[in-house]
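>>> My questions are about this predicted structure, shown below with the sequence.
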Amino acid sequence: MAERKPLIAGNWKLNNNHLEAIALVQKLAFSLKDTDFDAAEIAVLPPFTNLRSVQTLVDGDKLRIVYGAQDVSAHEKGAYTGEVSGPMLAKLGCTYALAGHSERREYHREDDALVNQKVKAAFAADLTPILCLGEGLDVRKAGDQVSHTLAQLEGALKDVTAEQAARLVVAYEPVWAIGTGEVATPDDAQEVCGALRGRLGELYSDEAAGTARVIYGGSVKSDNIAGIIGQEDIDGALVGGASLKPDEFAKLARLGRE
Ligand SMILES: O=C[C@H](O)COP(=O)(O)O
């Protein structure tokens, strides 16, 4: 089995202007001072308007965190008002771009076909997409969470190559767990994350499935991350609310080991 470095990614969502972003990253850098950066990769995903400020801070202070965007356009350039392209994000030093977050799917009607275009646009710009998927409460209650998320995975990976799949991050985020305080049990999270990795193996190769990272998101906090990250097929967390609190996010970055 390949060694996979855990990823702890903080999705700030629609929070913080660029001045607040600078303050938050500075506080986070302080909170992270005793952190083993070899144990986990630590990423922040601020709003687009903050990326240049975060880049300046990360480069200037040689911070050992990486950053990315919460979305990426399916288009590279042209008459697409309001869009931000993969090459623009790459030029700002982004490592990651989310694709298909459930809030984009719900409030902006993004479907698997569009998410697929965004995943490919991210790869084309040498960004690593964090492909978000997960079931709503009705699907969970019906017991269809595995088939639902596998269908989302296949739809989002159409025409994605094995080489690209090996670099992918898949974030399993059950919608009912996002922002609710109702974290999935480690077993429930592992059930879906294991199935996702298994399907990557079927679609591509054991090698690709062994290097792709599958992470969990939904009400992750420092007091529940250890159980989640202890699962065989879970390689980290996509964190929302807790990523806005520097001390708490730093504890998460240490994988709750203190
Ligand atoms: O992208 C992050 C997720 O939506 C999780 O958000 P949360 O940690 O606030 O539940």
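Received the coordinates, thanks.
>>> show me what contacts L51?
Applying Cβ atoms under 8 Å, 6 or more residues apart in numbering to L51 gives the contacts Y67, A69, L89, L92, C94. Glycine gets a C-beta too; all of them are placed from N, C-alpha and C.
>>> Let's verify it: helix, strand, or coil?
At L51 the chain is in helix, as set by DSSP: H, G, I helix; E, B strand; the rest coil.
>>> name the element the residue nearest to G241 when sequence neighbours are not counted belongs to?
Distances taken as Cβ to Cβ, 6 or more residues apart in numbering place G179 nearest to G241, at 6.3 Å, with adjacent residues excluded. Of the helices and strands defined by DSSP states H and E, none includes G179.
>>> State the phi and psi torsions of G179.
phi 70, psi 10 (degrees, to the nearest 10).
>>> try the one 3 residues further on
Phi and psi for E182, reported as degrees, to the nearest 10, are phi -100, psi 80.
>>> ok, back up a step: count the neighbours of the residue nearest to G241 for me.
Neighbour count of G179, defined by other Cβ atoms under 10 Å: 12.
>>> distance of it from the ligand?
4 Å (Cβ to the nearest ligand atom, to the nearest Å).
>>> just the helices in this structure please.
For the chain, the helices defined by DSSP state H cover 18-31, 51-60, 86-91, 102-107, 112-124, 137-141, 145-156, 162-165, 186-203, 206-211, 225-229, 246-253.
>>> In CSV, list those along with mean pLDDT and distance to the ligand.
As requested, the helices of the chain are exported to CSV (pLDDT from 0 to 100; distance: least, Cβ to the nearest ligand atom, whole Å):
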stretch, mean pLDDT, distance to the ligand
helix 18-31, 98, 16
helix 51-60, 98, 17
helix 86-91, 98, 17
helix 102-107, 98, 7
helix 112-124, 98, 15
helix 137-141, 98, 14
helix 145-156, 98, 15
helix 162-165, 98, 21
helix 186-203, 98, 13
helix 206-211, 97, 23
helix 225-229, 96, 11
helix 246-253, 96, 10
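>>> can I get those helices in JSON lines with distance to E41?
Formatted as JSON lines, the helices of the chain follow (distance: least, Cβ to Cβ, whole Å):
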{"stretch": "helix 18-31", "distance to E41": "14"}
{"stretch": "helix 51-60", "distance to E41": "13"}
{"stretch": "helix 86-91", "distance to E41": "18"}
{"stretch": "helix 102-107", "distance to E41": "23"}
{"stretch": "helix 112-124", "distance to E41": "17"}
{"stretch": "helix 137-141", "distance to E41": "29"}
{"stretch": "helix 145-156", "distance to E41": "22"}
{"stretch": "helix 162-165", "distance to E41": "19"}
{"stretch": "helix 186-203", "distance to E41": "18"}
{"stretch": "helix 206-211", "distance to E41": "14"}
{"stretch": "helix 225-229", "distance to E41": "13"}
{"stretch": "helix 246-253", "distance to E41": "9"}
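>>> burial measure for D187, as a count.
9.
>>> can you check A124 too?
15.
>>> Could you list which residues are in contact with it?
E76, G86.
>>> pLDDT value on the residue in the stretch 151-258 of the chain that the ligand sits nearest to, please?
As assessed by Cβ to the nearest ligand atom, the ligand sits closest to G240 within the stretch 151-258 of the chain, at 2.3 Å. Per-residue confidence at G240 stands at 98 (pLDDT).
>>> ok, now the one 3 residues further on?
Here, the pLDDT recorded for S243 equals 98.
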